[in-house]
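A.B. asks: Sequence and computational prediction follow.
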Amino acid sequence: MESNKVVIYQVFTRLFGNRNVTRIENGTMAENGCGKMNDFTPRVLKDIAALGVSHVWYTGIIRHATQTDYTAYGIPRQHPAVVKGKAGSPYAIADYYDIDPDLAVDVKQRMQEFEELVKRTHEAGLKVIIDFVPNHVARQYQSICKPRKVKDLGEEDDTQMGFNPQNNFYYCPGQRLSPYFDLYAGEAEPYLEEPAKATGNDHFDNAPGKNDWYETVKLNYGVDYYAGGVGYFDPLPDTWKKMTDILLFWAKKGIDGVRCDMAEMVPAEFWAYATQVVKKKYPKLLFIGEVYNPSEYRHYLSSGFDWLYDKVGMYDTMRACINHHAPTSAITRAWQYTDDIRQHMLYFLENHDEQRIGSDFFAANGKKGVPAMIASVLMSQNPFMLYAGQEYGERGMDREGFSGNDGRTTIFDYWSVDTLCRAAQNKLTDDEQQLYDIYKKTLLISRKEKAASEGSSYDLMYVNQQLERQYAFLRYADGELLLVAVNFEDRDVVIDIHVPAHAFEFLGIKEKMVIATDLLTRERLAMALRKNSGVRMEIAARSGRIWKVKL
């Protein structure tokens with residue numbers, strides 16, 4: 001399906017295909033099982049594509065620190081004191097040039113299995129995104145798979161200097177790592193690190209706490225944080241060259257994009273350099289940035305990013321509307337803030353960092369997110385991302401282990417996801433199946449309907465200020481009009497949506513009596529499209545209407 005609309009499906013690779021339902025808290029891989037890259041069969045990928053997806057983000061592909069012992073395969077063992085959870089965080093990279101052995105059926109062939117996954121994904125008509133984690137690495141980072149002439153991170157560092165522009169890490173000279181937690185973690189010998197390195201979340205002393213990213217160390221891109229953040233970028237810092245080479249290594253594998261973890265913790269000057277180098281050779285490679293500071297959005301876009309997370313604006317606003325903590329007029333303000341860069345804003349309602357809509361910590365029911373999903377997907381041409389299980393209303397209310405019961409699907413533990421297991425066995429409840437059907441219909445509309453994938457947008461809220469729990473807008477292209485209205489209320493409503501004369505002028509449409517079809521239900525409605533008049537419609541609780549009109 002050729003479409004300008006991008007829909008990213010995030011899968012946590014370790015969990016997605018795992019059908020083991022033992023689910024022992026803090027269980028080992030032997031006890032709880034682990035999903036594999038080979039679980040993404042042509043059939044599975046075909047089903048993902050049929051949902052209306054264009055890109056799959058395989059989260060946790062690159063080898064990271066784990067408590068599972070792979071020394072039999074020549075993979076260095078990690079001390080459990082500096083690994084979060086039995087499985088470990090996929091954001092504590094242990095070797096940038098390696099594949100996570102947990103994901104391989106044959107550990108010795110893990111890179112080949114990844115290359116075959118890329119090939120299968122492309123054959124299913126989907127594009128491949130993987131994580132690039134540029135800000136920090138696992139405390140015991142050591143590459144065993146780097147190309148022969150590549151020097152390892154930290155290999156040539158002057159460890160007697162807290163900061164040196166050509167060092168890969170930051171140090172606390174003369175000080176041993178002395179965190180506020182047990183360095184033994186059940187082992188006979190404690191974890192030793194001397195001199196201590198700075199911790200990943202910009203913690204620059206030798207004593208990170210339990211709430212710090214203590215399992216990681218901060219990479220040095222030539223910024224002297226000890227002196228207030230002064231940048232030394234000429235000559236080119238060694239880390240810039242090493243990290244750009246890593247990007248080129250993965251681009252050569254045929255991937256289509258990288259989701260750059262905590263991109264704003266790395267100087268924009270590096271991104272301007274790296275994206276230019278990489279895109280010169282791989283011009284279509286996408287850079288997706290996890291940037292949370294709205295005042296920095298344009299800075300990072302000008303440094304080569306294609307899309308940025310719209311978390312602080314659109315996600316937070318939609319969450320507030322779902323929970324009735326904000327009126328729907330707030331949605332208008334959220335998109336207006338980024339209107340000049342809207343095509344670059346990635347909308348989402350769930351990902352591995354955020355709580356599940358269905359969790360008790362959010363809305364306690366995945367269906368309550370439907371109006372926000374319809375609006376997020378259809379209000380503009382920009383990309384939308386959903387997290388595997390979201391389409392079934394996954395609750396994320398398990399107590400998996402290190403992660404605890406926090407409304408998120410764990411990234412630290414060996415586990416399986418309830419709704420994904422039952423969906424694979426055709427054991428969804430009626431409510432879950434209905435939710436999936438709404439997601440599928442909406443995503444396919446966003447990609448198949450030209451008005452949705454390419455059309456102009458017109459927000460109707462400024463002339464419908466009576467609506468506090470509903471949101472309405474128009475999309476238009478080539479004689480086809482979509483009138484989209486969603487209802488965040490917990491009851492069915494009948495509303496009148498006012499369409500101003502300016503909408504007709506802005507979109508270049510004429511007044512007309514029409515028969516509109518709801519693309520979700522196939523219901524038909526006689527509609528008088530008149531300047532400064534209203535369109536009356538009924539909308540079910542926590543639902544939406546997508547009326548299509550041919551002009």
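C.D. replies: Sure thing, it's come through.
A.B. asks: C-alpha from now on. contacts and neighbour counts both.
C.D. replies: Will do.
A.B. asks: What segments of the stretch 101-250 of the chain are strands?
C.D. replies: Secondary structure of the stretch 101-250 of the chain by DSSP state E, counting those that start in this stretch: the strands cover 127-132, 136-138, 171-172, 196-197, 216-218, 223-224, 230-231.
A.B. asks: Turn those into a markdown table, columns for mean pLDDT, mean neighbour count and distance to P101.
C.D. replies: Putting these into a markdown table (pLDDT from 0 to 100; neighbours: other CA atoms under 10 Å; distance: least, CA to CA, whole Å) gives the following:
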| stretch | mean pLDDT | mean neighbour count | distance to P101 |
| --- | --- | --- | --- |
| strand 127-132 | 98 | 22 | 16 |
| strand 136-138 | 98 | 27 | 16 |
| strand 171-172 | 98 | 24 | 30 |
| strand 196-197 | 98 | 26 | 27 |
| strand 216-218 | 98 | 27 | 20 |
| strand 223-224 | 98 | 19 | 34 |
| strand 230-231 | 98 | 13 | 37 |
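A.B. asks: wait, which of those strands is closest to R522?
C.D. replies: Of all the strands of the stretch 101-250 of the chain, strand 127-132 sits nearest to R522, with 31.2 Å by CA to CA.
A.B. asks: Can you name every helix or strand that that closest one contacts?
C.D. replies: strand 55-59, helix 110-123, strand 257-260 (3 or more CA pairs under 8 Å, 6 or more residues apart in numbering; DSSP states H and E).
A.B. asks: 6 Å - rerun?
C.D. replies: Packing partners of strand 127-132 (3 or more CA pairs under 6 Å, 6 or more residues apart in numbering; DSSP states H and E): strand 55-59, strand 257-260.
A.B. asks: And the strands of the stretch 101-250 of the chain: which comes nearest H344?
C.D. replies: Nearest to H344, of all these, is strand 127-132, at 16.4 Å by CA to CA.
A.B. asks: Now do the closest one: distance to the chain's middle.
C.D. replies: Mean-position distance between strand 127-132 and its chain equals 10 Å (CA atoms, centre = their mean, to the nearest Å).
A.B. asks: got the angle between that strand and strand 55-59?
C.D. replies: Between strand 127-132 and strand 55-59, the angle comes out at 30 degrees (axes from the mean of the first three to the mean of the last three CA atoms, to 10 degrees).
A.B. asks: Tabulate the strands of the stretch 101-250 of the chain in CSV, adding columns for distance to Y292.
C.D. replies: Formatted as CSV, those follow (distance: least, CA to CA, whole Å):
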stretch, distance to Y292
strand 127-132, 17
strand 136-138, 17
strand 171-172, 27
strand 196-197, 26
strand 216-218, 19
strand 223-224, 20
strand 230-231, 21
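A.B. asks: Identify whichever of those lies nearest to Q355.
C.D. replies: strand 127-132 (20.0 Å).
A.B. asks: Just checking: what are the partner strands of that closest one?
C.D. replies: strand 55-59 (parallel), strand 257-260 (parallel) (DSSP bridges).
A.B. asks: mind checking how far G85 is from L285?
C.D. replies: From G85 over to L285 the distance is 33 Å, taken as CA to CA, to the nearest Å.
A.B. asks: Comparing the two, which residue is more hemmed in?
C.D. replies: G85 (24 against 19; other CA atoms under 10 Å).
A.B. asks: tell me which element A330 is part of?
C.D. replies: helix 329-337 (DSSP states H and E).
A.B. asks: what's the following helix or strand after that helix?
C.D. replies: Scanning forward in sequence from helix 329-337 by DSSP H and E, the next helix or strand is strand 345-348.
A.B. asks: can you list contacts of whichever helix or strand comes after that next one?
C.D. replies: As assigned by DSSP H and E, the chain's next helix or strand after strand 345-348 is helix 370-378. Where contact means CA atoms under 6 Å, 6 or more residues apart in numbering, the residues beyond helix 370-378 that reach it are 318, 384, 446, 452, 486-488, 542-544.
A.B. asks: What subset of those residues is buried?
C.D. replies: Buried residues within the contacts of helix 370-378, counting neighbours by 16 or more other CA atoms under 10 Å: 318, 384, 446, 452, 486-488, 542-544.
A.B. asks: give me the low-pLDDT residue ranges for the stretch 251-400 of the chain?
C.D. replies: Along the stretch 251-400 of the chain, the model assigns pLDDT under 70 to no residue.
A.B. asks: picking up where we left off before, which of the buried ones among the contacts of helix 370-378 fall within helices?
C.D. replies: Members of those lying in helices (criterion: DSSP state H): 318, 446, 452.
A.B. asks: Distance-wise, check the nearest residue to the first one once chain neighbours are set aside relative to L386.
C.D. replies: The reference is to M318. Ranked by CA to CA, 6 or more residues apart in numbering and with sequence neighbours excluded, the top spatial neighbour of M318 is A372, at 6.0 Å. From A372 over to L386 the distance is 12 Å, taken as CA to CA.
A.B. asks: Compare those two (neighbour count), which wins?
C.D. replies: Shown here are A372 and L386; by other CA under 10 Å, A372 has more neighbours (28 against 22).
A.B. asks: re earlier: name the residues that touch the helix holding A330?
C.D. replies: 313-314.
A.B. asks: Tell me the buried residues in that helix?
C.D. replies: 329-332, 334-335.
A.B. asks: how about these, which pair is most distant?
C.D. replies: Largest pairwise distance in the buried residues of helix 329-337, by CA to CA, is 10.6 Å, between S329 and W335.
A.B. asks: that older thread, chain center to the helix holding A330: distance?
C.D. replies: 21 Å.
A.B. asks: Tell me which residue lies nearest the centroid of the chain.
C.D. replies: The centroid of the chain falls nearest to N351 when counting by CA atoms, centre = their mean (5.1 Å).
A.B. asks: Pretty sure M385 is one of the things it touches, is it not?
C.D. replies: No. N351 sits out of contact with M385 when judged by CA atoms under 6 Å, with a separation of 8.1 Å.
A.B. asks: end-to-end on stretch 460-471?
C.D. replies: Start-to-end, stretch 460-471 (CA to CA) is 8 Å.
A.B. asks: So which residues make contact with that stretch?
C.D. replies: Taking CA under 6 Å, 6+ apart as the rule, stretch 460-471 contacts 327-328, 472-473, 485-489.
A.B. asks: Need the residues you listed in JSON lines (columns: distance to R408).
C.D. replies: Formatted as JSON lines, those follow (distance: CA to CA, whole Å):
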{"residue": "P327", "distance to R408": "26"}
{"residue": "T328", "distance to R408": "26"}
{"residue": "A472", "distance to R408": "30"}
{"residue": "F473", "distance to R408": "32"}
{"residue": "A485", "distance to R408": "29"}
{"residue": "V486", "distance to R408": "26"}
{"residue": "N487", "distance to R408": "26"}
{"residue": "F488", "distance to R408": "23"}
{"residue": "E489", "distance to R408": "25"}
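A.B. asks: need the helices for this structure, in chain order.
C.D. replies: Under the criterion DSSP H, the chain contains helices at 13-16, 29-32, 42-50, 110-123, 238-251, 268-281, 297-301, 316-322, 329-337, 370-378, 418-424, 430-448, 450-453, 501-507.
A.B. asks: Ok, which of those comes nearest P190?
C.D. replies: Relative to P190, the nearest member of those by CA to CA is helix 29-32, separated by 23.9 Å.
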